[in-house]
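K.L.:
build me a structure from this.
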Amino acid sequence: MLYPEEERPLHFGDDTTVVVSEPLTGLPGLWREARAGTALIIDNDIDERAFVPVVPRVRGRPEGQADQ
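P.N.:
Model (predicted):
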């Protein structure tokens, strides 16, 4: 554990990855910022890719046309 005296990080195991919208603490090394529009693929490493949403196709409607 990087900061054993801090209580909040102790709620998670050493091998746990948590994705949150804001830092849980102000401690260096416990927070890694991801740019807006980024998809994270978390395995043994953290892979960052551009997030590009795809509009699902609805039967009977031309592709890309959203609900009115």
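
K.L.:
quick one: the strands in this structure, in order.
P.N.:
38-42, 46-50 (DSSP state E).

K.L.:
so can I have JSON lines of the ones you listed showing distance to residue 60, mean neighbour count and mean pLDDT?
P.N.:
Yep, even glycine has a C-beta here, placed from its N, CA and C like the rest. Shown next, in JSON lines, are the strands of the chain (distance: least, CB to CB, whole Å; neighbours: other CB atoms under 10 Å; pLDDT from 0 to 100):
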{"stretch": "strand 38-42", "distance to residue 60": "30", "mean neighbour count": "11", "mean pLDDT": "88"}
{"stretch": "strand 46-50", "distance to residue 60": "31", "mean neighbour count": "10", "mean pLDDT": "91"}
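
K.L.:
and residue 31, which of those is closest to it?
P.N.:
Across the strands of the chain, residue 31 has its closest neighbour in strand 46-50 (12.5 Å, CB to CB).

K.L.:
so in this protein, where's the weakest helix or strand by average pLDDT?
P.N.:
Lowest by mean pLDDT, DSSP states H and E among the helices and strands of the chain is strand 38-42, with a mean of 88.

K.L.:
got the CA positions of it in PDB?
P.N.:
What follows is strand 38-42, C-alpha atoms only, in PDB (Å, rounded to 0.1, in the frame of the first residue of the first chain):
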ATOM      1  CA  THR A  38     -11.400   8.000 -23.600                       C
ATOM      2  CA  ALA A  39     -12.300   4.400 -23.200                       C
ATOM      3  CA  LEU A  40     -10.200   2.400 -20.700                       C
ATOM      4  CA  ILE A  41      -9.500  -1.300 -21.100                       C
ATOM      5  CA  ILE A  42      -8.200  -2.600 -17.800                       C
END
